[in-house]
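**Q** here you go, sequence then predicted model.
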Amino acid sequence: MKVRVRMFASLRERTGTSSTDAELPQEATVADLLLELQKRFPALEGCGRVAYAVNSEYAKLEHPLADGDEVALIPPVSGGMDAGNRNP
């Protein structure tokens, strides 16, 4: 089966791409997809906590995938405004 993968923020920077397709065996899970992506993009190894969404719904590693699914890999986001950037 074929799934579309979208990568955001630091994951996009690590891989050099915002999206890619992956060929997986039937009955593959999000965890299987991650293993495949780490083979293709070694910079993804050790990237820490990542949220996963399958077809715009948050999913766990054991979530089964289907042909045509879109999987988003979303790294934690931090930041905000410091005192010097506040509007009066």
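**A** It's in.
**Q** which non-adjacent residue is nearest Glu70?
**A** Arg4 (4.6 Å; C-beta to C-beta, 6 or more residues apart in numbering). The C-beta positions use only the backbone N, C-alpha and C, and glycine is treated the same way.
**Q** worst-scoring helix or strand of this structure, pLDDT-wise?
**A** Least confident helix or strand, the chain: helix 9-15 with a mean of 93, by mean pLDDT, DSSP states H and E.
**Q** tell me the helices and strands packed up against the helix of greatest length in the chain.
**A** The residue-count maximum for a helix in the chain (DSSP state H) belongs to helix 30-40. The helices and strands touching helix 30-40, judged by 3 or more C-beta pairs under 8 Å, 6 or more residues apart in numbering; DSSP states H and E, are strand 2-7, strand 19-23, strand 70-74.
**Q** repeat that with 7 Å
**A** In terms of contacts (3 or more C-beta pairs under 7 Å, 6 or more residues apart in numbering; DSSP states H and E), helix 30-40 is packed against strand 19-23.
**Q** show me what contacts Glu70?
**A** Arg4, Arg6, Asn55 (C-beta atoms under 7 Å, 6 or more residues apart in numbering).
**Q** again, only this time at 10 Å
**A** Residues near Glu70 by C-beta atoms under 10 Å, 6 or more residues apart in numbering: Val3, Arg4, Val5, Arg6, Ser19, Ala53, Val54, Asn55, Ser56.
**Q** now do Pro76
**A** Ala9, Ser10, Gly48, Arg49, Val50, Ala51.
**Q** ok, now Lys39?
**A** Glu45.
**Q** does Asp67 touch Asp21 like I think?
**A** No. Asp67 lies out of contact with Asp21 (C-beta atoms under 10 Å); the separation is 11.4 Å.
**Q** could you measure Pro64 against Val71, distance?
**A** 12 Å (C-beta to C-beta, to the nearest Å).
**Q** got it, and Ser18?
**A** Distance, Ser18 to Val71, using C-beta to C-beta: 13 Å.
**Q** how about Ala22?
**A** Taking C-beta to C-beta, one finds Ala22 at 8 Å from Val71.
**Q** again, but for Val50
**A** 11 Å.
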